[in-house]
Each structure stands twice: as structure tokens, then as C-alpha cells.
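*Asks:* A predicted structure for the sequence below; I have some questions about it.
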Amino acid sequence: MRSAMYLMRSGATKRWTKKYLTDSARGALGRTMCTAKDSPPSESADAATTIQTQFEKKEETSSSKSKSSKLHQLRGYSDDEVVDMVMEGKVSQYKLEREIKKSIMAGNEPDCERAVRIRRLWLKKVVEGNRNSGDKTGNEKEGALMRSMSMSTDVTDSSRGLPFQSFDVNNFYQQVLGKNCENVVGFVPMPVGFVGPLKLDEKEFYVPLATTEGALVASTNRGCRAITESGGATSSIFSDAMSRAPVFKLPTAAAATEIKNWLDTESNFTSVKDAFEETTNYGKLKNIKAMVAGRNLFLRFECSTGDAMGMNMVSKGVMAAVAHLEKTFPSLKMVAVSGNACTDKKPSAINWVEGRGKGVVAETVLTGQVIVDVLKCSVDSLVEVNMRKNLVGSAIAGSIGGNNAHASNIVTAAFMATGQDPAQNVESSSCMTLMEPVNDGQDLHISVTMPCVEVGTVGGGTGLSAQRACLELLGVAGANHENPGENARNLARIIGATVLAGEISLMSALASNHLVSAHMKLNR
């Protein structure tokens, strides 16, 4: 009895049962201790030890689906030690919530806050590692440092970085005031995940996505893996022009036609261009497309806007250009600065054909081995599903810009994370996904063509601290003073490549009939 009494007197057994055992287990251990006086000292001590050992073993083998003794013991390691395990591949970062538990007393619940903190520390360390690689220039290292700071776990300054624990509400409301929202009554928390590494144009990105749709991040992440393991994706920008199209009325159709023809003369266009560009340092008028409908005249102004998405910049310039035209043509009367031929926040053929914002194409060649090992399907099955679904199916539906599986899923999630206008998802999600077998049918070329990606890295919601942190993680926050517009173009490239990853994964799930089972598992 001396051994059992020593355990109780020292508090060791009491602390252990309070922290780790369920009520029934504590009762069993208590009953063993209460009957110790009727048993020899060695038997009572052995009974207590046996029960403790049984429950320790039970916890080691049942608290996780993976049955890994290493993972179940993470509560005994510091955050930095767990981060090192993730870096070494001993622990998967996407399993952290499953493996980091609180205690059996708390119902064996996952310690989600710690899992998020460790994941941020890991991601910060990965980005810092990229920064310290020997082939980085000074500017590239500075950019990597900025990206790593977006994942800071310093809770003493919640005014910068992506919030995960505390949130500076007053600073947030100050940022919103007069810029983003009126009659403010609060905010809606939105979870932000990430996908990556996504190898794009010889660089690796970790892309933040804000979504409440379970399985979206996991699926897109699988597409990123397939791209990266196949050698990466490449991207190209083929157009860059935001548009605004005011509508005018004139006395006759002939008068409307006269103005259209007048604008076709280079010197006349230049005079309008000069009036437009007097209002802005970054906006450059590139073209005016004139369209006549009876005595109605629509003028679609198209201009580059630097790193801003540019709607306000273009509208301001248009008003100055209209004033110049009204002096030249007194009968010209503007009805509305937006005549729906822009076209903003509505599906339209003119956007699909002419483009709006950034036109981007992203492409990759997936190896047959990756398609089998990662995507669990085949080259032929992907080609067939893409042809019958994205091409024939969308034609049957009469879709404009809808020749894709779910581009809007990724566009919206990226827009929400990076402070874009979510309503512009309507035209920004216009996308054509194409798949063709290459290398004698062994591999697969996949591309997404998106003519209307309307994004910016300055203005609007991009200035809010959380959204700016997501832009910092991508290395595109703010204005690029050395090459104006480059940050916004790079953001469009990244979004295009992430859409490519999303298309790859969803089409593979359809080709292998795994879509429903994945959603039942991750989106219940």
C-alpha cells in the first residue's frame, strides 16, 4: 500500500487522471485505490499502474485515424519542434487538426488554434527558406521577407498580417471608414486556407483562398501538386485594358455614325486621348470602340490602369473625354456613364470576345505517371470528360465563357482573400479549359484561357490589413513603382494558374467518379 499511497500523496496519479482520463476511467482508477487497503502493497500498485498503462496505450492507438504513435504525442512537443517535424516530412501539415488534440477530458477535441498557429509558423519558415536561397537578388529577398511577415504569429500587433487569433477591431473600422462600407454594424469572419506549392513560371507560390466550401482547398491543392510534380505551369498575359462604355443619344442615326467615323481618324482619337489622360498619372487610353444602334451611340473606352483594377480611374477619364467630345459635337448628350457595353458585373459576349481587365492563359503538361499516381485517372478519360462536359455540354447550355468545370470557385475564393470586388467574379470567371494528349498520348497538355480577369493590387479592399497580408504572401501587394501594372498582372497570372489547378483536380474527380465521395467526406 505504500507505493499506491505514495502516488496519491505525490499528486502524480491525481494529476494524470484529471488531465487525461474520462469519468468512467477515473472511477475505475478510484475504485482500485479505494480497495488498496484490502490488497497487498504490490498488487494495489500493480493495479494502478496497469490501468494507467492501458489508457495511455488506448490514447496512443485510438485518438487518430492514422494510428501513428508519433502524431498522437504532439502535445508533448513545442510549436517549433512540431514545425521541424512538418519540415522534415514526419508530420503532414494538412493533418495537424486531426493529430493535435487537447485532452480526453475535453472530449478528445482537436486543438484547432494551435494547429493553425503551427501551420503559419511552418509556412513562414518555408517562405523564409526560399528567401535565403543563394540565387535570390536583393529585391527578391526583400519580397520573400514581406511574404513571410504575412504569416507572423506575433499577437502583439494584429494590425498587420493575416489575423488568426486576435483582431484589432478598431483599426479595422478605421480602415473601412469612408472607403469600403457604410452603416457598418460588424464583420463576417471568413476562413482562409492556402494551396501550394504551386510552381508557376519557375517560382513557387502558396495561394490564399477564402471560402466556406469544404473540399475546395483540398481539391485545388491536389491540382497544385499535379502541376508542380509535372514540372510546373507557365502563364502569359495577352491583353490588359479596363473598359467603360457610356451611352449617348443623338438627333439621328446619321449623327451617331458621323461621330463613330470621326473617332476612327488617328488625330481625332489623339485629342480625346489627351483629354482622358490629363486626369490620371497611370491610366493610358488604348482604344475607343464605337457602336451605333439607331440614334444611340456607345463608346467603349479601353485603357491600362497600372496596378489598380481601375474602374474609378477609367470613369474619371471618360468624363473628361466626354466633355471634350461635347464641345466638338454640341448635339451629343450622354445618357449614362455606363451603358452596359462595358460590361461590368454581368455576363456578355463582348467581354468574352474583346476582353476586360487582364487576359491570361495558363498551361501545363501533366505526365502520364502523375495523372495515374496523383489524380487516379487516365489521359484518355480526362480528354473525354473535358470534351463532352466543358465543350459539348456548355454549347448545349448556350453558355458564354462557361467552357470550364468550376473556374468561379477559385476566382471567388482568391478575390475574397485578396480584396478584389467579388461581384466582378461574374465576368472574371469566364474561362475555356482545353485538354489535348501529347507525346504520343502518354501525357496531357491542359490550358485555361481567361480574357476578363479584373484585379488590382491597390485600391478598394486591397488596403485592408488582412487582404493586404494575402497579397504580401503572393509577393504582389501595393504598386510596382519600377514597372507599373506588373503586380496586378502577376496576380492575374497566379489566379489563372490556380484556376488551372482547380480544373485539373475536379475534372479528375469526375473522370474517376470520386466527386461525391470527396464532398461527403470534406463538405458534410
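*Replies:* Cool, got the structure.

*Asks:* C-alpha only now, for contacts and for neighbours.
*Replies:* Will do.

*Asks:* mind listing what's buried in the host helix or strand of Met291?
*Replies:* Met291 belongs to strand 284-293 when elements are defined using DSSP states H and E. Buried residues in strand 284-293, counted by 16 or more other C-alpha atoms under 10 Å: Lys284, Leu285, Asn287, Ile288, Ala290, Met291, Val292.

*Asks:* for the first one, what are its contacts?
*Replies:* Neighbouring residues of Lys284 by C-alpha atoms under 8 Å, 6 or more residues apart in numbering: Lys273, Glu277, Cys303, Ser304, Thr305.

*Asks:* and it, bridged to which residues?
*Replies:* Ser304 (DSSP bridges).

*Asks:* what about the helices in the stretch 201-350 of the chain?
*Replies:* Using DSSP state H, counting those that start in this stretch, the helices found in the stretch 201-350 of the chain span residues 216-229, 253-263, 266-277, 311-328, 349-354.

*Asks:* coming back round to it: can you give the distance of the strand holding Met291 from its chain's centre?
*Replies:* How far strand 284-293 lies from its chain's middle: 34 Å, per C-alpha atoms, centre = their mean, to the nearest Å.

*Asks:* closest to Ile446 among the buried residues of strand 284-293?
*Replies:* For those, the residue nearest Ile446 by C-alpha to C-alpha is Asn287; the value is 32.2 Å.

*Asks:* Buried deepest among the helices of the stretch 201-350 of the chain, which one?
*Replies:* helix 216-229 (a mean of 24; mean count of other C-alpha atoms under 10 Å).

*Asks:* one step back: columns pLDDT and distance to Gln175 on top of the contacts of Lys284, output as a markdown table?
*Replies:* Shown next, in a markdown table, are the contacts of Lys284 (pLDDT from 0 to 100; distance: C-alpha to C-alpha, whole Å):
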| residue | pLDDT | distance to Gln175 |
| --- | --- | --- |
| Lys273 | 98 | 34 |
| Glu277 | 97 | 29 |
| Cys303 | 97 | 29 |
| Ser304 | 97 | 27 |
| Thr305 | 97 | 23 |
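
*Asks:* The helix or strand hosting Thr412 to helix 216-229, inter-axis angle?
*Replies:* If you go by DSSP H and E, Thr412 is part of helix 407-418. For helix 407-418 against helix 216-229, the angle by axes from the mean of the first three to the mean of the last three C-alpha atoms, to 10 degrees is 100 degrees.

*Asks:* can you list contacts of helix 407-418?
*Replies:* With C-alpha under 8 Å, 6+ apart as the criterion, helix 407-418 contacts 192, 207-211, 216, 421-422, 425-426, 428-431, 461-462, 467-468, 470-471, 495, 498-499, 502-503.

*Asks:* Surely Met151 and Val192 touch.
*Replies:* No - at 11.9 Å, Met151 and Val192 do not qualify as touching, with contact defined as C-alpha atoms under 8 Å.

*Asks:* Please say which of those two ends up with more neighbours.
*Replies:* The neighbour comparison of Met151 against Val192 (other C-alpha atoms under 10 Å) goes to Met151, with 26 against 19.

*Asks:* Could you tell me whether the more buried one really is in a strand?
*Replies:* No - residue state for Met151 (DSSP: H, G, I helix; E, B strand; the rest coil) corresponds to coil; a strand is not indicated.

*Asks:* any idea how far Arg119 is from it?
*Replies:* Distance of Met151 to Arg119, given as C-alpha to C-alpha, to the nearest Å: 9 Å.

*Asks:* And for Lys376?
*Replies:* Note on Lys376: its distance to Arg119, by C-alpha to C-alpha, is 28 Å.

*Asks:* More neighbours: which of these two?
*Replies:* The neighbour count for Lys376 versus Arg119, taken as other C-alpha under 10 Å, is higher for Arg119 (22 against 15).

*Asks:* low-confidence ranges in the protein?
*Replies:* Judged by pLDDT under 70, the chain has its weakly predicted residues at 1-73, 102-108, 130-146, 155-160, 514-524.

*Asks:* how does it look with 90?
*Replies:* The chain contains residues with pLDDT under 90 at 1-77, 94-113, 127-168, 513-524.

*Asks:* show me where it has strands.
*Replies:* Secondary structure of the chain by DSSP state E: the strands cover 192-200, 203-210, 234-244, 247-249, 284-293, 296-304, 333-336, 357-366, 402-403, 431-438, 443-453.

*Asks:* nearest to Thr228, of those strands?
*Replies:* Per C-alpha to C-alpha, nearest to Thr228 of the strands of the chain: strand 192-200, 5.1 Å.

*Asks:* now the closest one and strand 234-244, what's the angle there?
*Replies:* Using the same axes, to 10 degrees: strand 192-200 against strand 234-244 is 120 degrees.

*Asks:* just checking, what packs against the longest helix belonging to the chain?
*Replies:* Taking DSSP state H as the criterion, the chain has its longest helix at helix 486-511. Judged by 3 or more C-alpha pairs under 8 Å, 6 or more residues apart in numbering; DSSP states H and E, helix 486-511 is in contact with strand 192-200, helix 216-229, strand 234-244, strand 357-366, helix 379-385, helix 407-418, strand 443-453.

*Asks:* Mind putting those into JSON lines with distance to Val335?
*Replies:* Shown next, in JSON lines, are the helices and strands packed on helix 486-511 (distance: least, C-alpha to C-alpha, whole Å):
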{"stretch": "strand 192-200", "distance to Val335": "42"}
{"stretch": "helix 216-229", "distance to Val335": "43"}
{"stretch": "strand 234-244", "distance to Val335": "14"}
{"stretch": "strand 357-366", "distance to Val335": "24"}
{"stretch": "helix 379-385", "distance to Val335": "47"}
{"stretch": "helix 407-418", "distance to Val335": "32"}
{"stretch": "strand 443-453", "distance to Val335": "26"}
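
*Asks:* nearest to Lys316, of the ones you listed?
*Replies:* strand 234-244 (10.1 Å).

*Asks:* Could you list every helix and strand in contact with that closest one?
*Replies:* So strand 234-244, by 3+ C-alpha pairs under 8 Å, 6+ apart, packs with strand 296-304, helix 311-328, strand 357-366, helix 486-511.

*Asks:* what does the first one rub up against?
*Replies:* It refers to strand 296-304. Residues contacting strand 296-304 (C-alpha under 8 Å, 6+ apart): 240-250, 253, 256, 282-292, 314, 318, 339, 341-342.

*Asks:* 6 Å - rerun?
*Replies:* Under the criterion C-alpha atoms under 6 Å, 6 or more residues apart in numbering, residues 241-249, 256, 283-291 lie in contact with strand 296-304.
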